[in-house]
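> Okay, here's the prediction I keep looking at, along with the sequence it came from:
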Amino acid sequence: RKEVEQDPGPFNVPEGATVAFNCTYSNSASQSFFWYRQDCRKEPKLLMSVYSSGNEDGRFTAQLNRASQYISLLIRDSKLSDSATYLCVVRGSGGSYIPTFGRGTSLIVHP
Amino acid sequence: SQTIHQWPATLVQPVGSPLSLECTVEGTSNPNLYWYRQAAGRGLQLLFYSVGIGQISSEVPQNLSASRPQDRQFILSSKKLLLSDSGFYLCAWNLPNQPQHFGDGTRLSIL
């Protein structure tokens, strides 16, 4: 089983739609979780950290389910500019502090 | 504020030639530093990471090497490039327990 798994997509949605991505991780001792956004031929950029109680940033909501070992990202009222690849990142603690990236989920928002 | 600089942005090199990519971070001290490679349409592959000057850990055996001659400088090198070394090379930094931040990347093409 891969350490961090994501559905590669693409998710093809119309403007204004709500879309959700899940990401599963295998290491139950993982401590930190993040979502990054990567535009085509660009570097990944931090979208948001994921906190245990869940957190929201505008149209974006991130949640963590430790029991089932997954994190999710919900995007409401999708914009054309949301089209990108969304990377899930999981990090352990101590000796396993190196972040592990998922391969990403591609989102295409069309008019 | 902290910034990360990576250069060059684009590089075209013949097979068998040497390589030197440089990354510097400003506005922080003793960051963790990372080199990643991303092949077209693929996920991020961690190549090297460093927790301090002169301390390099290699994740994948290959014909690449890394050095950290100064606290905020990370260099990726090769003595002889292979066709398979083509890709998008990304430098990143973080402080312990914080998310990573990426440079703009170097797109390397081997001819």
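Structure received.

> Run through who's touching the helix or strand of chain A with the lowest mean pLDDT.
Least confident element among the helices and strands of chain A, by mean pLDDT, DSSP states H and E: strand A:100-101 (a mean of 92). Residues outside strand A:100-101 that contact it (Cβ atoms under 8 Å, 6 or more residues apart in numbering or on different chains) are A:3-4, A:25, A:36, A:44, A:87-91, B:43-44. Any C-beta I mention is one placed from the backbone N, CA and C, and that applies to glycine too.

> can you rerun that using 7 Å?
Applying Cβ atoms under 7 Å, 6 or more residues apart in numbering or on different chains, the external contacts of strand A:100-101 come out as A:3-4, A:87, A:89-90, B:43-44.

> tell me what the next helix or strand after that strand is packed against?
Remark: after strand A:100-101, the chain's next helix or strand is strand A:105-110, criterion DSSP states H and E. Applying 3 or more Cβ pairs under 7 Å, 6 or more residues apart in numbering or on different chains; DSSP states H and E, one finds that strand A:105-110 makes contact with strand A:11-14, strand A:84-91.

> Give the full set of residues in contact with residue B:87.
B:37-39, B:108.

> hang on, the earlier thing: filter the contacts of strand A:100-101 to the buried ones?
A:4, A:87, A:89-90, B:43-44 (16 or more other Cβ atoms under 10 Å in any protein chain shown).

> ok, back up a step: so can I have TSV of the contacts of strand A:100-101 showing pLDDT and distance to residue B:55?
Below are the contacts of strand A:100-101 laid out as TSV (pLDDT from 0 to 100; distance: Cβ to Cβ, whole Å):
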residue	pLDDT	distance to residue B:55
A:3	88	24
A:4	93	25
A:87	97	26
A:89	95	23
A:90	94	24
B:43	89	26
B:44	93	21
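
> and which of these is nearest to residue A:52?
residue A:90 (13.7 Å; Cβ to Cβ).

> and the residue in chain A positioned nearest to chain B, how many neighbours?
Residue of chain A nearest chain B, by Cβ to the nearest Cβ: residue A:103 (3.6 Å). Other residues near residue A:103 come to 18 when the count uses other Cβ atoms under 10 Å in any protein chain shown.

> pLDDT at it, what is it?
Looking at residue A:103, its pLDDT stands at 93.

> What of residue A:93?
Reported pLDDT for residue A:93: 65.

> Find the centremost residue of chain B, please.
residue B:35 (3.2 Å; Cα atoms, centre = their mean).

> Where do the strands of the chain begin and end?
I went with chain A, as the question did not name one. Assigned strands in chain A, in chain order: A:4-6, A:11-14, A:19-25, A:32-38, A:44-50, A:55-57, A:60-65, A:70-75, A:84-91, A:100-101, A:105-110 (criterion: DSSP state E).

> That was the other one, I meant chain B.
So, for chain B - with DSSP E - the strands run B:3-7, B:10-13, B:19-26, B:32-38, B:44-52, B:55-58, B:64-70, B:73-78, B:87-94, B:101-102, B:106-110.

> Report the angle between the fourth one and strand B:87-94.
Interaxial angle, strand B:32-38 versus strand B:87-94 (axes from the mean of the first three to the mean of the last three Cα atoms, to 10 degrees): 160 degrees.
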